[in-house]
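Participant: Quick check, what structure comes out for this input:
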Amino acid sequence: MAEREPFPTLIVNEVWARCGGCCECADEEHGHGDPCGQRCIMPMQGGPNIGGWEAIPKDPEGPLTADNCMIVCAPCFAKMRAAGQL
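Facilitator: Residues are numbered from 1 along each chain as shown. Sure thing, here's the model as predicted:
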């Protein structure tokens, strides 16, 4: 899968405000609530540990908009990557 352009900071900030800094992952196979709700820490974007998070597209082919962006915690991001979802 080709590298995707990152979401602009303004979009990430809007999505962060929407989710309150909590993971929006709703993948039932991850064994968490819907959504996950794990607290993320703003300065830890890209971090692999608890508190770390990523801004990812809901639809990989979709636009760089807030509606197509979600915040996921590092553990959910790692599970998505291992499952080939990213």
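Participant: ok, now how distant is residue 47 from residue 54?
Facilitator: Residue 47 sits 9 Å away from residue 54, going by Cβ to Cβ, to the nearest Å. Just so you know, the C-beta spots here come from the backbone N, C-alpha and C atoms, and that holds for glycine as well.
Participant: higher neighbour count, those two?
Facilitator: Comparing residue 47 with residue 54 by neighbour count (other Cβ atoms under 10 Å), the higher total belongs to residue 54, at 23 against 15.
Participant: State the three-state secondary structure for that one.
Facilitator: The three-state assignment at residue 54 reads strand, by DSSP: H, G, I helix; E, B strand; the rest coil.
Participant: Spell out the secondary structure type for the closest residue to it other than its chain neighbours.
Facilitator: Nearest residue to residue 54 in three dimensions, chain neighbours excluded: residue 77, at 4.7 Å (Cβ to Cβ, 6 or more residues apart in numbering). Following three-state DSSP, residue 77 is assigned to helix.
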